[in-house]
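> No letters, just coordinates:
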DNA sequence: TTTAAAACATGATATTTATCAGGTTTTCTA
DNA sequence: TAGAAAACCTGATAAATATCATGTTTTAAA
C-alpha cells in the first residue's frame, strides 16, 4: 500500500524541480504551447521554480505579481476580500492552469490573492518575458485572449448564480463543479481538501450555514465524507437541487 | 424649449448614420483606435450601421453574434437568464463601448443578451474583419486583451459583491456606479431610465424588494425621483451603506 | 379618449440565512 | 504527550428577503 502511494507520488510530483520548459508536459496544457522553440528556451532560462507548501500564499491582493505562474502540481484557491471583511473564493486553480495573466496584461497590482490548498509546484515566468512574447507571437496572444474570454464567461455565470440562486443551490452547484474539475482518489472521493470555511467562502455564506447544508446532504445520502474528502453519492439529486427543486427532496 | 432639445438631439445623435469610420469620434474611445488607416478603411466598407429602438434586442443569449457592435449612441443592458428563470443584468454598455468581443474570440454563441434601454445608434463589424485585424495588428489585439482584462476585474468585483453584500448594500453600490458612469441631465438627475424591475435584475432581488429599498432611500432623502430619473442627494450616505453601515442610518 | 396592460407601491406572511452562544472533535505544537 | 488552537457541529434567535395578495398610477394602444 505504501509502495503504491509512493509510485503515485512520483508520477504526479516529479522531483526534477528545475526541469526545462522544453520538456515540460504541463506547458502543453497552457497557452505557452504556442511559443516557438526559441521563445521556450528563453523562457526556460529566466523562469524560476518554486515549491509552495499547503497554506502558503502565492500572492496577495494589492501587491504586484510581476509575472505569471504556471501550475505544475497542486491546487490553490484564488480569492478576494469583500468590504464586509469576508473572503470570497473566485476560483480554484490546478495543474495545467496559468495564474496572474490579468494583472500582467493590465499592468496593475493583483486584485486577487492565491493560497495553496495542498503542496504545490509552480514555475514563475517574469513579466518582461511574457509581455515580449505577447507582443511578438500572435498565436500566443490569441490563445491568451481565448483564455481570458473563457474566464470572463465563467465569471458571468458565477455572477448570475451568486445573484439569483439560494445558498443550497450554490452548494449543490459547487459540489458538482468539484466533481467534474478534480480527479477522484482511491476511495472514490473528490481529491481535494476544502475546509468548511473554504466552502462557505466559495458559496458566499456563513460557515455555520455551509456546515449545516453539508450535514443535510450527508444525512440525505447525497454525499459522504471519506476522511477530509467528499464523495458524491447522488449527482442526479445535486443537479436537481442546483436547478432549484428544493422541496422534492 | 423645443429648439434647445432639438439641438441637443443633433449633437448626440448625428443624423449622418452611414458616416465613415475614418471620421468617427467614437472609434477613438475604443480599441479600434489602434487600427491602421488601411484597416479602418476596410472596416468602414464592411460595417453596417443600425438604429435600435428602446426595448429592441441587439442579440439574444444562445444565438451567434458573428461580429462586434460599436456603440455610437444610447445605452443597453447586457443580461443572462438564471436557471431560476430570472434575468440578471451583468453590465450596462454605452457610447464608446464595444460589445460582443468575448463571443467573437471564443467563436461561440453568445452567453448574454443585450437590450436597448433607449434609442441607440450602433455599428456592426463582421467577425472575419475583426479576427483578421486581431491576427495581424498586435497593438489592436493587445488593446482588446486589456479590455477583456478590465472586464474580468469588474466581473470579479461583482461576484464578491453579489456573494457577500446585502441587497441594500448592492443597491447603494449600483446607484453610486450609475452616478459615476452616466451623465447628469438638465435636472441634475442621472441620465438613464431604469425600471424597478431593471434595478431588481441588476442587484439580484425581487422587484418588490428593489421598490421598497428605493422608497426607503427616497424617504431618507438619499435620492430623489425626477420623473423617471434618479437624482443622488447624499452620496456620502450611499457610500456608507455600500460599505455595510446600515444601522447608522 | 377610453381601455387594457404594464409599472409601481405596500402590507402581511413565510422562508432563508446570519448571528450568537455553547458545545465536541481534530490538529498542531511546545 | 499535554495543552492550546483550530476546525467542526448544533440549537436558539434575529435579521434579511421572497412571496403572495391587492390596490394605485402610469403608459400605451385601440
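Received, thanks. None of these values were measured; they are calculated from a predicted model. Numbering: from 1, shown residues only, chains lettered A, B, ... in the order given.

> Is the nearest residue to residue A:105 once chain neighbours are set aside within a helix or a strand, and which one?
Using C-beta to C-beta, 6 or more residues apart in numbering or on different chains and skipping the chain neighbours, the partner closest in space to residue A:105 is residue B:149 (4.4 Å). Backbone N, C-alpha and C define where each C-beta goes, glycine included. Secondary structure from DSSP states H and E places residue B:149 in helix B:138-164.

> same check, this time on residue A:202
helix A:196-203.

> Tell me which other helices or strands that helix touches.
Counting contacts by 3 or more C-beta pairs under 8 Å, 6 or more residues apart in numbering or on different chains; DSSP states H and E, helix A:196-203 packs against strand A:75-81, strand A:87-94, helix A:167-181, helix A:207-219.

> Would you mind giving the ones you listed as TSV with mean neighbour count and distance to DNA strand C added?
Below are these laid out as TSV (neighbours: other C-beta atoms under 10 Å in any protein chain shown; distance: least, C-beta to the nearest atom of the strand, whole Å):
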stretch	mean neighbour count	distance to DNA strand C
strand A:75-81	21	15
strand A:87-94	22	11
helix A:167-181	19	4
helix A:207-219	16	3
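
> how about the ones you listed, which one is nearest residue A:155?
strand A:87-94 (7.8 Å; C-beta to C-beta).

> gap between stretch A:20-30 and the chain center?
Centre-to-centre, stretch A:20-30 and its host chain are 18 Å apart (C-alpha atoms, centre = their mean, to the nearest Å).

> in that stretch, what's buried?
Across stretch A:20-30, burial judged by 16 or more other C-beta atoms under 10 Å in any protein chain shown covers A:21, A:24, A:26, A:27, A:30.

> residues contacting the residue most central in space within chain A?
In chain A, the C-alpha nearest the mean C-alpha coordinate belongs to residue A:93, at 1.6 Å (C-alpha atoms, centre = their mean). By C-beta atoms under 8 Å, 6 or more residues apart in numbering or on different chains, the contact list for residue A:93 reads A:71, A:75, A:76, A:77, A:78, A:99, A:114.

> can you check residue A:98 too?
Per C-beta under 8 Å, 6+ apart, neighbours of residue A:98: A:30, A:31, A:32, A:68, A:69, A:70, A:71, A:147.

> Closest to DNA strand D out of these?
residue A:71 (22.5 Å; C-beta to the nearest atom of the strand).

> Helix, strand, or coil at the closest one?
strand (DSSP: H, G, I helix; E, B strand; the rest coil).

> and the gap between it and chain B?
With distances taken as C-beta to the nearest C-beta, to the nearest Å, residue A:71 is found 18 Å from chain B.

> any idea how far residue B:166 is from that residue?
Distance, residue A:71 to residue B:166, using C-beta to C-beta, to the nearest Å: 35 Å.

> more crowded one of the two?
The neighbour comparison of residue A:71 against residue B:166 (other C-beta atoms under 10 Å in any protein chain shown) goes to residue A:71, with 24 against 15.

> what domains does the record give for chain A?
A:2-163, A:165-248 (automatic domain parsing).

> Please identify which of those is closest to DNA strand D.
Comparing the domains of chain A under C-beta to the nearest atom of the strand, the one sitting nearest is domain A:165-248, at 3.4 Å.

> Does DNA strand D have contacts with that closest one?
Yes: residues of domain A:165-248 are located near DNA strand D by C-beta under 7 Å from any atom of the strand, namely A:195, A:196, A:197, A:208, A:211, A:212, A:214, A:215, A:225, A:228.

> With respect to chain B, which of those is nearest?
For the residues of domain A:165-248 next to DNA strand D, the residue nearest chain B by C-beta to the nearest C-beta is residue A:197; the value is 14.1 Å.

> now what about the helix holding residue A:202, what contacts it?
A:77, A:79, A:86-89, A:117, A:167, A:170-171, A:174, A:194, A:206-207, A:209-211, A:214, B:163.

> again, but for stretch A:39-59
With C-beta under 8 Å, 6+ apart as the criterion, stretch A:39-59 contacts A:17-22, A:27, A:32, A:35, A:65, A:69-70, A:72, A:74, A:76, A:99-100, A:110, A:113-126, A:129, A:133, A:137, A:140.
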